[in-house]
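Student: The sequence and its predicted three-dimensional model are supplied below.
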Amino acid sequence: MAVTMPKIEITFRQKAVSLISRSERGIAILIVRDDTNKTFTHKQYTDLSALEADEALYTTDNYNAISDMLSFAPYQSHVFRLDTDGTLGDTLAEISRTVKTGWITIAGMDSDDAAALASWVKTQANTKAKSYKCVVYDVTPLPDDMHVVNFVNETVTFLDDRGASDGVEYLPSLLAIFAVCNVVRGCTNYHCSNLLTVEEVADNDAAVGAGKFILFNDEDGAVRIGQGINSMTTTDGLTRTEDMKFIETVEAMDMMRDDITNVFRTEYLGNYRNTRDNQMMFIAAINNSYFRELEQDVILDPDYDNASSIDVEAQRAAWVASGKSEAADWDDDTVKATPYKRTVYLAGNVKILGSMTDLIFPINMF
């Protein structure tokens, strides 16, 4: 077997999760194309007052976009400046080096930038590198990915003096809304408080069914998010399930993957021998600390037996594949007592809770 760098393979399936310590979320990353001041490429703002001091650094449109993001008060707000004729890939590489996770969009993006951003985010997820997510505007063909949200309303009307604007101008606000909601709540029916009205799509249900993210005007005149969905429409019942079409489910999945990766890398990788006892210590930390905390925060269902354990079948298969054919006849306890070389195989079952979105309430009259 070829020697490579240590690998942490954490594959999320509906019934197989490897997870540890809860992380802070709520990170918004806004890219702006702006040549007004080229002395910086990255700024982090805590609030609108901090941005006001930097107003001269940006065009009016970009200043408004950053203001929109900050008005929803994400946990962290990052601005990355890109020259108007610069290469988006360079900025994305800088983001990867600077911010470990978060929601990304580009102010006033065109179709090329939208496609490039969606592609980059999908690549990060496919390589299990970092769990970024992005919101893009009306990308064709549909991204069909759980980490990419495809917003499509053609026109939004802001409450301020901007008035009616192209739908793409609302991306910085959505970016912040997604960051604020993160794993705490779903964004379905979220009140878009900086809008007066929105031009609705022709058929809300058809759009949502096609993986398009939409806003609508409710009966009281408020603009709200239709369904908190991403652009994924293709499912396989295993690694791409119906539940994974919802942003809040993917947020929880990514949080758990990031947490376990961080703890394994910093606390366990290279520090402990690969014995059954040490694996059980790791599993106990997941089950008794991390899962219990997620249950208390109502991210995982407290009425479900959320638990991890040694993945007996995967560990047995690894031994068989290595040439130890007798492993096929080992009982489960023997497999558990025989860790495979330097690899830790874990499996688990969790139930991620979704927010209430539908009400079915028949009333019988007598």
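Tutor: Sure thing, it's come through.
Student: Give the residue spans of the stretch 151-300 of the chain that score low on pLDDT.
Tutor: Applying pLDDT under 70 to the stretch 151-300 of the chain flags no residue at all.
Student: Can you list the residue ranges for helices in the stretch 101-250 of the chain?
Tutor: 111-126, 171-181, 204-209, 247-263 (DSSP state H, counting those that start in this stretch).
Student: all strands for the stretch 251-366 of the chain, in order.
Tutor: Listed in chain order, the strands of the stretch 251-366 of the chain (DSSP state E, counting those that start in this stretch) span 307-310, 346-349.
Student: Check which residues of the first one are buried.
Tutor: Along strand 307-310, the positions that meet the burial threshold by neighbour count (16 or more other CB atoms under 10 Å) are 308-310. For every residue, glycine as well, the C-beta is placed using N, CA and C.
Student: do the last one as well
Tutor: Taking 16+ other CB under 10 Å as the neighbour-count basis, strand 346-349 is seen to contain the buried residues 346-348.
Student: which among those gets closest to R224?
Tutor: Checking the buried residues of strand 346-349 against R224 by CB to CB gives G348 as the nearest, at 35.4 Å.
Student: need the contact list for the closest residue in space to T197 that isn't next to it in sequence.
Tutor: The shortest distance from T197 to any residue that is not its chain neighbour, by CB to CB, 6 or more residues apart in numbering, is 4.7 Å, and that residue is T157. Listed by CB atoms under 8 Å, 6 or more residues apart in numbering, the contact set of T157 reads 163-165, 195-198.
Student: Serialize the strands of the stretch 251-366 of the chain to TSV and add fields for mean pLDDT.
Tutor: Formatted as TSV, the entries for the strands of the stretch 251-366 of the chain read as follows, by pLDDT from 0 to 100:
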stretch	mean pLDDT
strand 307-310	93
strand 346-349	88
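Student: Would you convert the contacts of T157 into CSV that also reports neighbour count and distance to A314?
Tutor: As requested, the contacts of T157 are arranged in CSV below (neighbours: other CB atoms under 10 Å; distance: CB to CB, whole Å):
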residue, neighbour count, distance to A314
G163, 10, 57
A164, 12, 55
S165, 15, 51
L195, 20, 49
L196, 16, 54
T197, 16, 53
V198, 20, 48
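Student: and the gap between S96 and W120?
Tutor: With distances defined as CB to CB, to the nearest Å, the gap from S96 to W120 amounts to 9 Å.
Student: Looking at the two, which one has more neighbours?
Tutor: A count of neighbours by other CB atoms under 10 Å puts W120 above the other of S96 and W120, at 19 against 14.
Student: number of nearby residues for the spatially closest residue to that one that is not a sequence neighbour?
Tutor: In this structure, W120 finds its nearest non-sequential neighbour in L92, 5.1 Å apart by CB to CB, 6+ apart. The local packing of L92 (other CB under 10 Å) involves 22 other residues.
Student: what's the answer for D218, then?
Tutor: Counted with other CB under 10 Å, the neighbours of D218 add up to 10.
Student: got it, and T87?
Tutor: Neighbouring residues of T87 were enumerated by other CB under 10 Å; the total is 11.
Student: mind checking how far it is from E55?
Tutor: Note on T87: its distance to E55, by CB to CB, is 27 Å.
Student: repeat for T261
Tutor: Taken as CB to CB, the span from T261 to E55 is 39 Å.
Student: do A176 as well
Tutor: To E55, A176 is 19 Å away according to CB to CB.
Student: Same check on D332?
Tutor: 65 Å.
Student: just L117 next, same as before
Tutor: According to CB to CB, L117 and E55 sit 26 Å apart.
Student: More neighbours: which of these two?
Tutor: When L117 is set against E55 and neighbours are counted by other CB under 10 Å, the residue ahead is L117, at 25 against 11.
Student: Next up, the contacts around the more buried one.
Tutor: With contact taken as CB under 8 Å, 6+ apart, L117 is in contact with 88, 92, 104-106, 109, 134, 136.
Student: What residue spans form the domains of the protein?
Tutor: The record, using automatic domain parsing to delimit domains, assigns the chain the ranges 27-225, 272-366.
Student: Sweet, I'm off.
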